[in-house]
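Enquirer: model the structure of this input:
(one chain, ligands or ions: 1)
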Amino acid sequence: MKRIIAFAGSNSKNSINQQLVTYTASLFKDAEVDILDLNDFDLPLYGIDLEQASGIPENAHKFFNLIKNSDGILLSLAEHNGSYTTVFKNLFDWMSRIESKTFCGKPMLLMAASPGGRGGASVLEAAASRFPFHDAKIAAQFSLPTFGDNFNDERVVNEQLNNLLKECVYVFQSNI
Ligand SMILES: Cc1cc2nc3c(=O)[nH]c(=O)nc-3n(C[C@H](O)[C@H](O)[C@H](O)COP(=O)(O)O)c2cc1C
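Expert: Numbers count the residues shown, from 1 in each chain. Modelled structure (predicted):
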């Protein structure tokens, strides 16, 4: 059975992106989905001086190995000031010091959710243009705007968006 890792680019304990990831994971068929929480991978703020003095922290290796040993990645990015959250960028930077091809050629379902109407369009654009340099194979992309209206009772309640999400899951699963 294919093994997928699923996580949100957020460290909020009420993360809307983590909620979207959890729901999306429930749509997968015949796959083992490992839902991760970045709060379980605490890391110091990346700095070249720290890296030279102490090396790369164990949690960066742990997360990188989870990617390496998976068949695909489900990631929903939170958007902070038009870009990645600090916690995601920090993990990304640390892992890129282990291997610049951070995503190891794995198929990715890239998503973003936001409370506002743009659905994390800026962070999605940043990731979609950058991740391929780190060997992510982006199979499908999904954006969930106005989370408060479109997500309820642990699911996407807007049927049009829900159908789009199911299509993305199907395309992603066809690529792994
Ligand atoms: C520092 C900060 C910056 C933010 N910047 C944006 C932004 O640029 N675009 C946006 O759509 N939402 C922005 N937001 C709102 C987030 O989308 C919102 O907090 C969302 O819940 C974050 O996702 P999460 O719950 O998965 O952490 C920002 C929130 C914070 C705290």
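
Enquirer: and the pLDDT at residue 10?
Expert: Turning to residue 10, the model gives it a pLDDT of 98.

Enquirer: got a list of what it touches?
Expert: 17-18, 38, 78, 85, 87-88 (CB atoms under 8 Å, 6 or more residues apart in numbering). The way it works is simple: take the backbone N, C-alpha and C, and place the C-beta from them, glycine included.

Enquirer: can you give me the buried ones in the longest helix along the chain?
Expert: If you go by DSSP state H, the chain has its longest helix at helix 159-174. Using 16 or more other CB atoms under 10 Å as the test for burial, helix 159-174 gives 161-162, 164-165, 168-169, 172-173.

Enquirer: residue 93 looks like it's in a helix, true?
Expert: Yes - Residue 93: assigned to a helix according to DSSP: H, G, I helix; E, B strand; the rest coil.

Enquirer: isn't it right up against residue 47?
Expert: No - Residue 93 is not in contact with residue 47 according to CB atoms under 8 Å; the separation is 9.6 Å.

Enquirer: what helix or strand is the residue nearest to the spatial centre of the chain on?
Expert: In the chain, the centroid-proximal residue (CA atoms, centre = their mean) is residue 75; its distance is 1.9 Å. Residue 75 is part of strand 72-77, with elements assigned from DSSP states H and E.

Enquirer: show me how far that strand is from its chain's centre.
Expert: With CA atoms, centre = their mean, to the nearest Å as the basis, strand 72-77 stands 3 Å off its chain's centre.

Enquirer: near the ligand at all, it?
Expert: No - judged by CB under 6 Å from any ligand atom, strand 72-77 stays clear of the ligand, getting no closer than 7.3 Å.
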